[in-house]
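K.L.:
Based on what follows, work out the 3D shape:
(2 chains)
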Number of protein chains: 2
Amino acid sequence: MPPPLAQLTLTALPGIPLVKPGDDLAALILEALDRAELALQTGDVLVLAQKIVSKAEGRQVQLSSVTPSAQAVELADVAHKDSRQVQVVLSESKEVIRHRPGVIVVEHRLGYVCANAGVDHSNVEPPPGAGPDDGWLLMLPEDPDRSAAELRRRFQEASGVHDLGVIINDSHGRAWRTGTVGVALGAAGFPGLLDLRGSPDLFDRPLEVTTVGLADELAAAASLLMGQAGEGRPVIHVRGVPYPLREGNARELIRPREMDLFR
Amino acid sequence: MPPPLAQLTLTALPGIPLVKPGDDLAALILEALDRAELALQTGDVLVLAQKIVSKAEGRQVQLSSVTPSAQAVELADVAHKDSRQVQVVLSESKEVIRHRPGVIVVEHRLGYVCANAGVDHSNVEPPPGAGPDDGWLLMLPEDPDRSAAELRRRFQEASGVHDLGVIINDSHGRAWRTGTVGVALGAAGFPGLLDLRGSPDLFDRPLEVTTVGLADELAAAASLLMGQAGEGRPVIHVRGVPYPLREGNARELIRPREMDLFR
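P.N.:
Residues are numbered from 1 along each chain as shown, chains lettered A, B, ... in the order given. As a prediction, the model looks like this:
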């Protein structure tokens, strides 16, 4: 009999409801796994869209509650943005790296270099009775690696399976290339970075590419299936990752500033 | 009955042999599809590792045949590299963007910003009788979009299916983040960029993220399953992309220089 085919299967969990502050995300996902008749197995990974994690954690900010600083007013002026939104971006950032009209690229307080510190208003639910333009923003989770680790613990407890991975992904723009791609903001039980130093190539010489952004590759794959335009597929189950899982996190994927030629 | 689950399935085609200059790659892949008992269907995508396309196209260069220019000698000196290798990199490049010891980042003649113009020596087969250190390099395909289009035509003819996508991927390093991720160097019958401008979000407001690097997301997914360390999984079959295919290419993914804040 031929060996089984190497296969990676991503499944969007059905029927995840709109998530509200305080919701028990792990419980919602465990219910959706039941609905999909998917029993968690060793090596499985769950990828969650950042927005549902942020919403469950109550990371919404109402624009009308924000008082912009002088710095925010100045940056908003040159970047053609709402100064209160810029204030929220600045409050989530270590440093503004670049700006031009319509774009502010920062180093987020957690080290990600990204547009608007990940602060977004798409798919953010207006509160009951509010008009669509009342301006609610959603910030990234407080600590996505910690959120991933907590979710993982819940999935481990519920399933009895230890080797499970959790990734929290988001869509980031990039230098040099157009379009956003999914990246890992947080991870647990999954290698952020795969270190292949010392591995041989097909001809037994050392491999040239030595570290792979594995959690980012899986985040991108999941992002493709999630979609962007309100399809409501915020949780992806993954089976068949051809590497052993390990304790890991998404901080591994952040290039230290002093090693970055493009800052 | 519940609607079918949204699922993306990637399958590594088994038994692709080592590829040599002049090999008929389409025929090798069609045989592997048969072996895997996979009949191509509307919407299917095949992702090929750049290296097998480059090898089939005869893009190998022997270091001992290269005479470095004065510019190559100078750059090799500061970048701590072999001047003949640097000559090959320069011959494939429009411009050196950054360098430091061990790293040369260029704009490739096709517009990609990447390390070493994609010129690599891992997994490059030494010629018969040569020692492992005789120094053969592999350049990127002459025109990966054209290569993808030709392969696609062959797959269409053999299968009778029109809506097929082909992506040629490679692993690129990135600004700000560690590790390489798969990106699309060439594409045919698949959107490089997915334009969601005007699409509504979950609450019927315009979506904030408006273009998605769709071919790059799929390239990254395939790269994860291909592996780097000589696993010999250079062709991935993909089923279940949740977007209609269209004529497309990987050039869509290259950010015009004047729109790039990080050059």
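
K.L.:
If we go by neighbour counts, what in stretch A:57-77 is buried?
P.N.:
Buried positions in stretch A:57-77, judged by neighbour count with 16 or more other C-beta atoms under 10 Å in any protein chain shown: A:57, A:59-61, A:63, A:66, A:68, A:72, A:75-76. Any C-beta I mention is one placed from the backbone N, CA and C, and that applies to glycine too.

K.L.:
which outside residues touch it?
P.N.:
A:21-22, A:54, A:81-88, A:90, A:96, A:99, A:104, A:124, A:127, A:134-142, A:147 (C-beta atoms under 8 Å, 6 or more residues apart in numbering or on different chains).

K.L.:
6 Å instead?
P.N.:
A:21, A:83-84, A:86-88, A:90, A:135-139, A:141 (C-beta atoms under 6 Å, 6 or more residues apart in numbering or on different chains).

K.L.:
next one: stretch A:78-97
P.N.:
A:61, A:63, A:66, A:68, A:72-73, A:75-76, A:99, A:101-102, A:104-109, A:116-117, A:119, A:137, A:139.

K.L.:
Tell me which of those residues fall in helices.
P.N.:
A:72-73, A:75-76 (DSSP state H).

K.L.:
Tell me which two in those are the farthest apart.
P.N.:
A:V73 and A:L75 (7.6 Å; C-beta to C-beta).

K.L.:
OK, contacts around the closest residue to A:T178 other than its chain neighbours?
P.N.:
In space, and not counting its chain neighbours, A:T178 is closest to B:R255: 4.9 Å by C-beta to C-beta, 6 or more residues apart in numbering or on different chains. Neighbouring residues of B:R255 by C-beta under 6 Å, 6+ apart: A:176-178.

K.L.:
In terms of distance to chain B, which of those residues ranks first?
P.N.:
A:W176 (3.9 Å; C-beta to the nearest C-beta).

K.L.:
Can you get me a residue count around that closest one?
P.N.:
23 (other C-beta atoms under 10 Å in any protein chain shown).

K.L.:
Show the pLDDT at the residue lying closest to it once chain neighbours are set aside.
P.N.:
Excluding its sequence neighbours, the residue lying closest to A:W176 (C-beta to C-beta, 6+ apart) is B:V113, at 3.9 Å. Looking at B:V113, its pLDDT is 94.

K.L.:
Kindly report the same for A:S83.
P.N.:
95.

K.L.:
what about it, distance to A:L90?
P.N.:
10 Å (C-beta to C-beta, to the nearest Å).

K.L.:
Against which helices or strands is the lengthiest helix in chain A packed?
P.N.:
When chain A is parsed with DSSP H, its longest helix is helix A:144-159. Applying 3 or more C-beta pairs under 6 Å, 6 or more residues apart in numbering or on different chains; DSSP states H and E, one finds that helix A:144-159 contacts helix A:25-35, strand A:165-172, strand A:181-188.

K.L.:
Comparing these, which stretch has the densest surroundings?
P.N.:
The highest mean neighbour count among the helices and strands packed on helix A:144-159, using mean count of other C-beta atoms under 10 Å in any protein chain shown, belongs to strand A:181-188: a mean of 30.

K.L.:
For burial, what's the neighbour tally of A:V96?
P.N.:
17.

K.L.:
what bridges to it?
P.N.:
A:V106 (DSSP bridges).

K.L.:
pLDDT weak spots in the stretch 51-200 of chain A?
P.N.:
A:122-123, A:125-134 (pLDDT under 70).

K.L.:
Which single residue in it comes nearest to chain B?
P.N.:
A:G179 (3.0 Å).

K.L.:
out of the buried residues of stretch A:57-77, who's nearest A:A187?
P.N.:
A:E57 (16.7 Å).

K.L.:
Can you tell me how far the closest one is from A:A115?
P.N.:
The separation that A:E57 has from A:A115, given C-beta to C-beta, amounts to 21 Å.

K.L.:
circling back: what residues are up against the residue of the stretch 51-200 of chain A closest to chain B?
P.N.:
So A:G179 contacts B:193, B:211-213 (C-beta under 6 Å, 6+ apart).

K.L.:
Contacts only, for the residue lying closest to it once chain neighbours are set aside.
P.N.:
Leaving aside its chain neighbours, A:G179 sits nearest to B:G213 (3.0 Å; criterion: C-beta to C-beta, 6+ apart). Contact partners of B:G213, counting by C-beta under 6 Å, 6+ apart, are A:179, A:181, B:253.

K.L.:
Quick check: the last one vs A:K94, distance?
P.N.:
Using C-beta to C-beta, one obtains 29 Å as the distance from B:L253 to A:K94.

K.L.:
Look at the two and report which has more neighbours.
P.N.:
Neighbours were tallied for B:L253 and for A:K94 using other C-beta under 10 Å; the higher tally belongs to B:L253 (28 against 15).

K.L.:
Save the ones in helices among the contacts of stretch A:78-97 as CSV, and put in distance to B:I236 too.
P.N.:
Output for those, formatted as CSV (distance: C-beta to C-beta, whole Å):
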residue, distance to B:I236
A:A72, 46
A:V73, 50
A:L75, 44
A:A76, 45
